[in-house]
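Peer 1: what follows is a predicted structure for the sequence shown.
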Amino acid sequence: MTNDAYTLTLPEVQTSYMVFSSPHSGRNYSRAFLRRTVLDDLQIRSSEDAFVDRLVAPAAKYGSPFLAANMPRAFLDLNRACDELDPAVVQGVRRPGHNPRIASGLGVIPRVVANGRAIYAGKLSIEEASARIEQYWHPYHKCLGTLMEETNRTFGRAVLVDFHSMPHEAVQSVAQVGFSRPEVVLGDRFGAAAGGDIVDRIETIFLEAGLRVSRNAPFAGAYITQVYGRPSRGHHAIQIEIDRALYMNEQFVRPNGNFDSFCQLMENVVAEIADLGRQELPLAAE
């Protein structure tokens, strides 16, 4: 199922309570948007989770739904609340209380891409910003909310596995002396968004695939993890950040020589995560 806002790939029969998503891999850069930005075609893609949808696409083969955004993050950030509007980029918006995401230019309508590069020369009208939210943000989140509710109703539990990518340099700050930098970061908002049993098992899957894993540093999860991770309701959410250098050339935003083998590794990881949703896990957290 594809529309302007998202592509939803459903299994023939959903057999797992794992729901997969990729909110930042959209790459429908319209001519109108590209005319508005002061960035070139590569710079505007620097905050995109390029190719993550291809890494996670096999989910439907293993009995899990997969939801992917179609519009790019630089156009609209689905991992922000719809009211996180930045007065520095949208006309007529009141200055909010302290919000570090808005302050850094990363509200729902981003002001900057990677390395703080400004997207626009001026401001958008409030009408244009509202139209983006109405046309793309609300349909995506309505679909994701429905997937979580229906999965929980069917299986008694729903686990959102929300895939992202991170610049290779982003994890340099958490690399400790004598330890290698993590290649995968699992974010569960320090245990608030998902049961520890689920996160432990997903971490084990990545470790057994030969990848180095850390938790909640430097990414603990943002809006999606916070809103959809409600263990008391049987809803869990885990954000997964993958080092882009494992599969792509970041400078030119294209697959690198390891792309095909990493896709196969990720298919195995996705299959094993989906399989967790067919196993009996403790329900103590619920």
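Peer 2: Arrived safely, thanks for sending.
Peer 1: from residue 233, how far off is residue 253?
Peer 2: 38 Å (C-beta to C-beta, to the nearest Å). In this view, the C-beta of every residue, glycine as well, is placed from N, C-alpha and C.
Peer 1: quick one: which of these two has more around it?
Peer 2: residue 253 (18 against 14; other C-beta atoms under 10 Å).
Peer 1: hey, where'd the strands end up in this structure?
Peer 2: 6-9, 18-22, 66-69, 158-166, 184-187, 213-215, 235-243, 248-249, 254-255 (DSSP state E).
Peer 1: can you put those strands in CSV and add distance to residue 229, mean pLDDT and mean neighbour count?
Peer 2: Formatted as CSV, the strands of the chain follow (distance: least, C-beta to C-beta, whole Å; pLDDT from 0 to 100; neighbours: other C-beta atoms under 10 Å):
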stretch, distance to residue 229, mean pLDDT, mean neighbour count
strand 6-9, 20, 97, 20
strand 18-22, 12, 98, 29
strand 66-69, 16, 98, 26
strand 158-166, 7, 97, 25
strand 184-187, 10, 96, 24
strand 213-215, 14, 94, 19
strand 235-243, 3, 97, 26
strand 248-249, 28, 96, 18
strand 254-255, 31, 96, 14
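Peer 1: need the ones you listed in TSV (columns: distance to residue 201).
Peer 2: Output for these, formatted as TSV (distance: least, C-beta to C-beta, whole Å):
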stretch	distance to residue 201
strand 6-9	24
strand 18-22	11
strand 66-69	20
strand 158-166	10
strand 184-187	11
strand 213-215	12
strand 235-243	11
strand 248-249	27
strand 254-255	29
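Peer 1: and those: which comes nearest residue 60?
Peer 2: strand 6-9 (4.5 Å; C-beta to C-beta).
Peer 1: distance of residue 98 relative to residue 106?
Peer 2: Where residue 106 is concerned, residue 98 sits at a distance of 14 Å (C-beta to C-beta).
Peer 1: just residue 73 next, same as before
Peer 2: Taken as C-beta to C-beta, the span from residue 73 to residue 106 is 9 Å.
Peer 1: residue 279 now?
Peer 2: 37 Å.
Peer 1: so which residues of the stretch 151-286 of the chain form helices?
Peer 2: 196-208, 223-228, 259-276 (DSSP state H, counting those that start in this stretch).
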